[in-house]
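Undergrad: Sequence and predicted model, in that order:
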Amino acid sequence: QVQLVESGGGLVQAGGSLRLSCVGSGRTFSSYAMGWFRQAPGKEREFVSTISGSGSSTYSANSVKGRFTISRDNAKNTVYLQMDSLKPEDTAVYYCAASRSWATAQTMYDYWGQGTQVTVSS
């Protein structure tokens, strides 16, 4: 069982930056690939970025490539999402999730956080 708690969301102007954090419980955090997903109002939840358990491999959606960076610190059981050059269309609830496999599909993720709201004003 892995419990995940996100933080770092908030209100920011377009062009600004935010860094989301997700802290996981348990001693096996490094054995899980971690992902970030988001859900905008009236839309389905979508994949944002994922990182392997060791942190050596990452992959991001085209919509955020070059603007968002995923990283992790296994000593702190924490995964981060650095979001730069934010746009109003990035407004959403952001969720972190843990998976036994490095994947982009939501169905591969077994554990989810409660989400943190990111609002980007124009």
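TA: Arrived safely, thanks for sending.
Undergrad: Let me see the ranges of the helices in the chain.
TA: For the chain, no helices are identified by DSSP state H.
Undergrad: Low-confidence regions, it specifically.
TA: Scanning the chain for pLDDT under 70 picks out nothing.
Undergrad: quick one: residue 96 and residue 83, what's the gap?
TA: Noted for residue 96: a distance of 13 Å to residue 83, by CB to CB, to the nearest Å. Every residue, glycine included, has its C-beta placed from N, CA and C.
Undergrad: Mutual contacts of the two, please.
TA: residue 20 (CB atoms under 8 Å, 6 or more residues apart in numbering).
Undergrad: Tell me where this protein has strands.
TA: Under the criterion DSSP state E, the chain contains strands at 4-7, 10-13, 18-24, 33-39, 46-51, 58-60, 68-73, 78-83, 92-99, 111-112, 116-121.
Undergrad: Which strands border the longest one, and is each parallel or antiparallel?
TA: Read it as strand 92-99. Strand 92-99 pairs in its sheet with strand 33-39 (antiparallel), strand 111-112 (antiparallel), strand 116-121 (antiparallel), by DSSP bridges.
Undergrad: Residues touching the second one, excluding its own?
TA: The set of residues external to strand 111-112 that reach it, using CB under 8 Å, 6+ apart, is 1, 2, 3, 4, 32, 95, 96, 97, 98.
Undergrad: give me phi/psi at the fifth one?
TA: Backbone geometry at residue 32, expressed as degrees, to the nearest 10, gives phi -110, psi 130.
Undergrad: Contact partners for it?
TA: Contact partners of residue 32, counting by CB under 8 Å, 6+ apart, are 2, 24, 53, 98, 99, 100, 111.
Undergrad: Just the buried ones from these?
TA: 2, 24, 53, 98, 99, 111 (16 or more other CB atoms under 10 Å).
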